[in-house]
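Q: Quick one, structure for this:
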Amino acid sequence: MGERVVGVAVDFSPCSKKALRWAAEHVIRGGDCLVLINVQPEGYYEEGEMQLWEATGSPFISLSDFSSPTISKKYGVKPDPESLDLLNCIAQQKKIDVVLKIFYGDAREKICEAIDKVPLSCIVIGSRGLSKIKRVLLGSVSDYVVNNCSCPVTVVKNLEG
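A: Below is the predicted model:
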């Protein structure tokens, strides 16, 4: 792993892409390792390998591997071309390693677990900008991570729409 291990929580939504761009501009520097943390919902998987990874998460998946449609389908992730272009650009410009680690279960808990299991130096997470009522009813992943994790957290707000 690199000098620092910077995590970015991604689900490849516009909100997580904004967090990734922000991390590339403000946090990631040469020599770092960028670990993308993706959480798949419980019950999403049926294959034996994924059941084994439920407790620890998947192995680290290189950027070239998860760029392959066959590999991304195997793991159940769907990185869009824009995200893949952005990640390849970051990797080349900053001269860093980029890997993906997938966890299975509740996003709030699994992101906090990832921080300790990887371990991460810091994490950047997007915020969908839920209203106060929706945050109370649905629960905010970013609020939970800020209040329960063991490393510095940066929340990038999605001010659009």
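Q: name the helices or strands packed onto the host helix or strand of V35?
A: For V35, the host element (DSSP states H and E) is strand 33-40. Applying 3 or more C-beta pairs under 8 Å, 6 or more residues apart in numbering; DSSP states H and E, one finds that strand 33-40 makes contact with strand 5-9, helix 81-94, strand 97-104, helix 107-117. Where you see a C-beta, it was placed from the backbone N, CA and C, and this is true even at glycine.
Q: which of the ones you listed is buried the deepest?
A: strand 5-9 (a mean of 25; mean count of other C-beta atoms under 10 Å).
Q: any residues touching the helix or strand just after that strand, and which ones?
A: Once the chain leaves strand 5-9, the next helix or strand it forms, by DSSP H and E, is helix 14-26. With contact meaning C-beta atoms under 8 Å, 6 or more residues apart in numbering, helix 14-26 is reached by 6, 8-10, 34, 36, 82-83, 86-87, 90, 94, 124-128, 154, 156, 158, 160.
Q: mind redoing it with 6 Å?
A: Helix 14-26 is contacted by residues 8, 10, 83, 90, 124, 126, 128, 156, 158 when judged by C-beta atoms under 6 Å, 6 or more residues apart in numbering.
Q: before we move on, back to that, could I get the helices and strands packed on strand 33-40 in JSON lines, plus columns for distance to I61?
A: Output for those, formatted as JSON lines (distance: least, C-beta to C-beta, whole Å):
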{"stretch": "strand 5-9", "distance to I61": "14"}
{"stretch": "helix 81-94", "distance to I61": "12"}
{"stretch": "strand 97-104", "distance to I61": "4"}
{"stretch": "helix 107-117", "distance to I61": "14"}
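Q: ok, and the helix or strand in the protein with the lowest average confidence?
A: helix 132-138 (a mean of 49; mean pLDDT, DSSP states H and E).
Q: where's the strand holding V35 relative to the chain centroid, distance-wise?
A: 3 Å (C-alpha atoms, centre = their mean, to the nearest Å).
Q: can you list contacts of it?
A: Residues contacting strand 33-40 (C-beta under 6 Å, 6+ apart): 1-2, 5-10, 28, 76-77, 96-104, 107, 110-111, 114, 118.
Q: For this structure, which residues score under the pLDDT cut-off?
A: 1-2, 43-55, 129-139, 159-161 (pLDDT under 70).
Q: Which residues does L100 form beta bridges with?
A: Beta bridges link L100 to L36, I61, judged by DSSP bridges.
Q: returning to what we had before: of all the helices and strands packed on strand 33-40, which one is nearest S62?
A: strand 97-104 (5.9 Å; C-beta to C-beta).
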